[in-house]
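Peer 1: Dropping the sequence and predicted coords here.
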Amino acid sequence: MVPNPSRLDAALGSQIPVIAPSMLKVDFADLATEVSRLEEAHAHLLHWDVMDGNFVPNLSYGAMLIASVRKRTSLFFDAHLMIAHPEKYVDEYLAAGCDAITVHIEAAPEPAEILQRIRAGGAHAGLAINPHTPLSHLEPWLDQCDLVLVMSVQPGFGGQKFMPEVLDKVRALRSRLAPHVRLSIDGGIGTTTIAAASAAGARLFVAGSAIFDVSDYAIAMRQLEQLASSSLEC
Ligand SMILES: O=C(CO)[C@@H](O)[C@H](O)COP(=O)(O)O
């Protein structure tokens, strides 16, 4: 089944700014409670940071954990695979119930087959790009993406400082992407950086510290949403 490319927007509500809680800073000892707290805070989705200790110097979790949480919630699952050889593992993430799967252009430099496989599996296909990778590496594949994710830190860890130089890439992408394609930004997104990212054209904002370091997730997400909405680019 090839999904309607606008399904992500149907799930998330057009191109309004959406905050994506990064499931890297949750209390893993109490994961079910964390998911309930995010549901109560009206999160639209969960962003799963999958790290393999190879493509990035950190190890997080895999499809097995995501599949177990899938049984607890119907929230949209946005999986970000920071892994080498994603072509070997993508079927596991489809089977785990991910609604969107994003792979890195640095890990899959010829991603046509993998993007097609993600779509054929009924999920949205995304490509991510690291801060220092030229945009030209992504360009041949943009028309095969439902989602494009720009890293605004070196991937691997939460709590890093936002790299404002990636905003040129966000602006360039927004001008090239079809209107239905979600442009996401990930790393160092918080109250002092989200407005600039929104003004540059990002519409999906992955945030870890800015949500999980605040006691009330709803307040943290609403504040981020408001800041992003008030600075939408013209
Ligand atoms: O993918 C990554 C890091 O590799 C991000 O999703 C971060 O985990 C976001 O955390 P903050 O920068 O918002 O704390």
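Peer 2: Cool, the structure landed. Residues are numbered from 1 along each chain as shown.
Peer 1: what's the span of stretch 211-225, first residue to last?
Peer 2: End-to-end distance of stretch 211-225 (CA to CA, to the nearest Å): 12 Å.
Peer 1: in that stretch, what's buried?
Peer 2: By 16 or more other CB atoms under 10 Å, the buried positions in stretch 211-225 come out as 211-212, 214, 217, 220-221, 223-225. To be clear about C-beta, it is placed using only N, CA and C from the backbone, and glycine gets the same treatment.
Peer 1: Which residues of the protein lie near the ligand?
Peer 2: 22, 24, 49, 153, 155-160, 186-189, 206-210 (CB under 6 Å from any ligand atom).
Peer 1: where along this structure do the helices fall?
Peer 2: Along the chain, the stretches classed as helices by DSSP state H are 7-12, 31-40, 63-70, 90-95, 112-120, 167-176, 194-200, 209-212, 217-229.
Peer 1: Report the inter-axis angle for the longest one versus helix 31-40.
Peer 2: Same thing as helix 217-229. Interaxial angle of helix 217-229 relative to helix 31-40 (axes from the mean of the first three to the mean of the last three CA atoms, to 10 degrees): 50 degrees.
Peer 1: So which other helices or strands are in contact with helix 217-229?
Peer 2: Helices and strands touching helix 217-229, by 3 or more CB pairs under 8 Å, 6 or more residues apart in numbering; DSSP states H and E, are strand 18-21, helix 31-40, helix 194-200, strand 204-207, helix 209-212.
Peer 1: Tell me which of the ones you listed lies nearest to Glu106.
Peer 2: Shortest distance between Glu106 and those, using CB to CB, is found for strand 204-207: 17.7 Å.
Peer 1: Quick check: which ranges of this structure have low pLDDT?
Peer 2: Applying pLDDT under 70 to the chain flags the ranges 1-14, 233-234.
Peer 1: What is the burial count for the residue in it positioned nearest to the ligand?
Peer 2: In the chain, no residue comes nearer to the ligand than Gly208, which is 2.8 Å away by CB to the nearest ligand atom. For Gly208, the count of nearby residues is 25 (other CB atoms under 10 Å).
Peer 1: go on, Arg117?
Peer 2: Neighbours around Arg117, by other CB under 10 Å: 17.
Peer 1: ok, it - contacts?
Peer 2: 87, 90-91 (CB atoms under 8 Å, 6 or more residues apart in numbering).
Peer 1: How far off centre is stretch 124-140?
Peer 2: Relative to the centre of its chain, stretch 124-140 is centred 13 Å away, using CA atoms, centre = their mean, to the nearest Å.
Peer 1: tell me which residues in that stretch are buried?
Peer 2: Within stretch 124-140, the residues that qualify as buried by neighbour count (16+ other CB under 10 Å) are 124-130, 133, 138.
Peer 1: ditto for stretch 86-104
Peer 2: 86, 89-90, 93-94, 96-104.
Peer 1: Among those residues, which pair sits farthest apart?
Peer 2: In terms of CB to CB, those reach their longest pairwise distance at Gly97 and His104, which sit 21.4 Å apart.
Peer 1: quick one, phi/psi of the closest residue to Ser22 other than its chain neighbours?
Peer 2: Leaving aside its sequence neighbours, Ser22 sits nearest to Gly208 (CB to CB, 6 or more residues apart in numbering; 3.7 Å). For Gly208, the backbone dihedrals (degrees, to the nearest 10) come out as phi -110, psi -80.
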